[in-house]
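Novice: The following comprises the amino acid sequence and a computationally predicted model.
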Amino acid sequence: MANFFIHEKAIVDTNKIGKSTHIWAFVHILSGAQIGSHCNICDHCFIENKVIIGDNVTIKSGVYLWDGVTIKNNVFIGPAAVFTNDRYPRSKNNDYKQEKILLNEGCSIGANSTILPNITIGKYALVGAGSVVTKNVSDFTIVFGNPAKVGGYVCACGKKLVFKKDLALCSCGRHYKLDKKTPKLL
């Protein structure tokens, strides 16, 4: 007996699904994909063969994950976020160079954001809705816009950090220090 839920209107070709994961209607997951435990994959998503999804990941409706996307634990992906793996796409080009995307632990990708190929999103980083990410995003960094630019810093709990000189104390109790413009958890 399966220890995960697959909606009767989903097409799931992989057997690599962790416990307590929920896969909803009109999702199609190809056979090579790996899905962690306690994930929630909402309606109308597509997940290709060479995709790895960690534990406790939420993927909202209308997200398509192409070969080369790796998602670490506790990541949130908002509705209709776009991930690309080919910098110079052409129809029927079997000779393209597939590039990878890495979403690190606890990061959040806002609705309708676009992540270009060969991008790494840092731990607990936050990509604002509608952003176009053209460069790597550092840990605990908020980016937004087109192209996405740094707009501040965020705690692992999700609250915006306010730095005084190079130190920040979040109301959750975590302390941060700015090191070369990147927050480090103390």
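Specialist: Received it, and whenever you're ready, just let me know what you need.
Novice: Run a quick neighbour tally on the closest residue to A148 other than its chain neighbours.
Specialist: Spatially, and ignoring its direct neighbours in sequence, A148 is nearest to S131 (4.2 Å; CB to CB, 6 or more residues apart in numbering). Every C-beta, even on glycine, is put in place using the N, C-alpha and C of the backbone. When neighbours are defined as other CB atoms under 10 Å, S131 has 26 of them.
Novice: List the residues that contact S131.
Specialist: Neighbouring residues of S131 by CB atoms under 8 Å, 6 or more residues apart in numbering: 110, 113-114, 143-146, 148.
Novice: so what's L116 up against?
Specialist: Per CB under 8 Å, 6+ apart, neighbours of L116: 84, 87, 132-134.
Novice: now do 7 Å
Specialist: 84, 133-134 (CB atoms under 7 Å, 6 or more residues apart in numbering).
Novice: Can you pull the phi/psi pair for K60?
Specialist: K60 adopts backbone torsions of phi -80, psi 170, taken as degrees, to the nearest 10.
Novice: The residue nearest to it when sequence neighbours are not counted: what secondary structure?
Specialist: Leaving out its chain neighbours, the residue that sits closest to K60 by CB to CB, 6+ apart is P79, at 4.1 Å. Following DSSP: H, G, I helix; E, B strand; the rest coil, P79 is assigned to coil.
Novice: Give me the neighbour count for P79.
Specialist: There are 17 residues near P79, going by other CB under 10 Å.
Novice: Ok, the one 10 residues further on next?
Specialist: Residues lying near P89 (other CB under 10 Å) number 10.
Novice: and it, what pLDDT?
Specialist: On pLDDT, P89 comes in at 91.
Novice: go on, S138?
Specialist: S138 is given a pLDDT of 97.
Novice: my guess is it contacts G122, does it?
Specialist: Yes. Counting by CB atoms under 7 Å, G122 is a contact partner of S138 at 4.7 Å.
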